[in-house]
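S.K.: coords please:
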Amino acid sequence: MAGEHTFTVEVLTPEGEVFGGEVIQLSTRTVTGEIGILARHVPILAALKPNLLRLKVSDSEEKEWAQSHGMLQVFANHAQVLLEEAIEPANLDVAALEEQKADAEARLADDSTGEAAREVAERDLERVTAFLEIASTA
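M.R.: Just a heads-up that it's a prediction; the model follows:
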């Protein structure tokens with residue numbers, strides 16, 4: 001499928017490669033907003049927020065993952081997506097996510113929580129809220 005309208009993408013987590021191949025388009029959310037990447041995109045380095053990662057592999061095939069925080073690098077018609085985790089929407093466990101949300105909210109409500117722990121709880125809540133939203137539309 002290699003052609004002038006495609007580019008290579010790697011989606012990596014600490015557990016290994018989630019996807020590697022040619023795509024037509026990559027869509028995700030950075031800390032500054034939504035972004036779509038096409039072939040020959042200008043170089044970019046961006047921090048990613050929890051969201052739905054979409055890869056348009058062909059006109060008839062699209063792959064999706066619930067992405068956690070991470071980084072996106074685009075250079076020389078190649079995109080690398082480095083994520084803390086990537087889960088197919090159908091594999092999201094809503095009950096476990098609800099428990100994680102309650103835990104993060106409790107940590108945020110605890111007045112004895114230090115600043116660093118509060119930041120971790122905020123990131124956890126941001127992730128679980130995005131994943132619950134993705135699960136509700138899957």
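
S.K.: where do the strands sit along this protein?
M.R.: 7-13, 16-23, 25-30, 33-37, 44-48, 51-58, 61-67, 70-75, 78-83, 86-87 (DSSP state E).

S.K.: Just put these in a markdown table and tack on mean pLDDT and distance to Ile134.
M.R.: Every residue, glycine included, has its C-beta placed from N, CA and C. Below are the strands of the chain laid out as a markdown table (pLDDT from 0 to 100; distance: least, Cβ to Cβ, whole Å):
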| stretch | mean pLDDT | distance to Ile134 |
| --- | --- | --- |
| strand 7-13 | 98 | 16 |
| strand 16-23 | 98 | 15 |
| strand 25-30 | 98 | 12 |
| strand 33-37 | 97 | 15 |
| strand 44-48 | 98 | 14 |
| strand 51-58 | 97 | 5 |
| strand 61-67 | 98 | 5 |
| strand 70-75 | 98 | 15 |
| strand 78-83 | 98 | 14 |
| strand 86-87 | 98 | 9 |
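
S.K.: Could you export the ones you listed to TSV, including columns for mean neighbour count and distance to Ser136?
M.R.: Below are the strands of the chain laid out as TSV (neighbours: other Cβ atoms under 10 Å; distance: least, Cβ to Cβ, whole Å):
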stretch	mean neighbour count	distance to Ser136
strand 7-13	19	23
strand 16-23	14	22
strand 25-30	19	17
strand 33-37	13	19
strand 44-48	15	21
strand 51-58	19	12
strand 61-67	19	11
strand 70-75	17	22
strand 78-83	18	21
strand 86-87	18	14
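
S.K.: contacting residues for the residue lying closest to Arg29 once chain neighbours are set aside?
M.R.: Of all residues not flanking Arg29 in the chain, Asn51 sits nearest, at 3.8 Å (Cβ to Cβ, 6 or more residues apart in numbering). Contact analysis of Asn51 by Cβ atoms under 8 Å, 6 or more residues apart in numbering lists 28-29, 66-67, 130, 134.

S.K.: Cool, thanks, talk later.
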